[in-house]
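Trainee: Okay, here's the prediction I keep looking at, along with the sequence it came from:
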Amino acid sequence: MPDIRVKICGLKTPQDIAAAAEAGAAYIGFNFFAKSPRSVTPQEAAALAVEAPIGMCKVALVVNADDAMLDEITSVVPLDMIQLHGQETPERVAEVKARYGLPVMKVLGVSSLEDVQRIDAYEGVADQILVDAKAPKDAVLPGGNGVAFDWRLLAQKKYWRAPWMLAGGLNPENVAEAIRVTGARQVDVASGVESAPGEKDPARIKSFCEAANAPRR
Ligand SMILES: O=C(O)c1ccccc1NCC(=O)[C@H](O)[C@H](O)COP(=O)(O)O
C-alpha cells in the first residue's frame, strides 16, 4: 500500500475512476456542488460508485447541504464518507455523523495562523480534517480553485487528533515539496490533475500519485 494516501476529487466518468484506481488512489470524491464543472447528480455518482474497486473510499463532497439533499445523496449512492466543504459548525458535523452513520471529513480553509488554530474546534468531532486553501474573494467555487496556501503555516501545528489531509493547488510538480514542508500523510487534488476544468487527465493522475509517493529527499 502506498505510504501517502491520495484523494482524487471531482471524478465524473468511468475512465476517471479507472485512472484513479490504476494510480493507487485511496479516495475518490464525487462533487455535488451544482455550480462546479466537476459536479455530478446522485444518479450519476451511483453509477460511477460501482466502478470503484473494493477498498477505495468513496467520498461525497457537499457545501452547506441540508438534510433533504444529504438524504437524497445517501439513499442513492453507496458512500464511505461525507466531506463537508462549507461553513458547517462542529455541531452540524456531529449531526451529519449521527444522522447518516458515515465518517465525516470537515474542510477548513487556511490563509493565516488564526485559520490553523480554528481547526482545533473540529478535531474532536470530525473523523478527518481536510486542510485546504481559502477560496479567493471573487471565486465562484469554495474549493477546487488550484490555489495553494503558505504550507509553512502548518509547520508548527501539523498534528490534530483526527487524521488530516492537505489540499489546495497541489499538482504533480509540487506535491512532493508540499509533503516535505507540511509532513502530510494524505493529499487531495482536483484541478491539478485536469487538462481543462472538470476534465481529468489520466497521465496527470498517475504522475500525481507517483510524485506523492516518490522517495523523499
Ligand atoms: O472542485 C470543486 O469544483 C469544488 C467545488 C466546491 C467545493 C469544493 C470543491 N473542491 C474541493 C476539493 O476537494 C478540492 O480537491 C480542493 O479544494 C483542492 O482543489 P484544487 O486546488 O483544485 O486541487
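Mentor: Happy to help now that I have it. Bear in mind that the values here come from a model prediction, so they are computed numbers and not experimental data.
Trainee: give me the residue from this structure nearest the ligand.
Mentor: Closest to the ligand within the chain is Gly144: 2.0 Å, counting by C-beta to the nearest ligand atom. For glycine as for every other residue, the C-beta is placed from the backbone atoms N, C-alpha and C.
Trainee: Identify the residues contacting that residue.
Mentor: 9-10, 31, 36, 38, 190-191 (C-beta atoms under 8 Å, 6 or more residues apart in numbering).
Trainee: partner residues bridging the residue positioned nearest the centre of the chain?
Mentor: Centroid-nearest residue in the chain: Asp188, 4.9 Å away (criterion: C-alpha atoms, centre = their mean). Beta bridges link Asp188 to Lys7, judged by DSSP bridges.
Trainee: so it touches Met165, yeah?
Mentor: Yes: in this structure Asp188 lies within contact range of Met165 using C-beta atoms under 8 Å: 5.1 Å.
Trainee: Common neighbours of those two, please.
Mentor: Shared contacts of Asp188 and Met165 (C-beta under 8 Å, 6+ apart): 7, 130.
Trainee: give me the low-pLDDT residue ranges for the protein?
Mentor: 1, 158, 217 (pLDDT under 70).
Trainee: Any residues of it in contact with the ligand? List them.
Mentor: The chain comes close to the ligand at residues 9-10, 29, 31, 33, 36, 38, 61, 63, 85, 132, 141-147, 167-170, 188-192, as judged by C-beta under 6 Å from any ligand atom.
Trainee: hmm, who's touching stretch 203-217?
Mentor: Contacts for stretch 203-217 (C-beta under 8 Å, 6+ apart): 2-4, 6, 8, 16, 19-20, 22-25, 170-173, 175-176, 179-180, 187, 189, 192-195.
Trainee: Now that stretch - C-alpha only, PDB.
Mentor: The C-alpha trace of stretch 203-217 is given here as PDB (Å, rounded to 0.1, in the frame of the first residue of the first chain):
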ATOM      1  CA  ALA A 203      -1.500  10.800 -17.100                       C
ATOM      2  CA  ARG A 204      -1.500  13.600 -14.600                       C
ATOM      3  CA  ILE A 205      -3.400  11.400 -12.100                       C
ATOM      4  CA  LYS A 206      -0.700   8.800 -12.500                       C
ATOM      5  CA  SER A 207       2.100  11.400 -12.200                       C
ATOM      6  CA  PHE A 208       0.500  12.900  -9.100                       C
ATOM      7  CA  CYS A 209       0.300   9.600  -7.300                       C
ATOM      8  CA  GLU A 210       3.800   8.700  -8.200                       C
ATOM      9  CA  ALA A 211       5.200  12.100  -7.100                       C
ATOM     10  CA  ALA A 212       3.300  11.900  -3.800                       C
ATOM     11  CA  ASN A 213       5.000   8.500  -3.100                       C
ATOM     12  CA  ALA A 214       8.400   9.200  -4.600                       C
ATOM     13  CA  PRO A 215      11.300   8.500  -2.200                       C
ATOM     14  CA  ARG A 216      11.800  11.600  -0.100                       C
ATOM     15  CA  ARG A 217      15.000  13.700  -0.100                       C
END
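Trainee: Kind regards, and thank you for your time.
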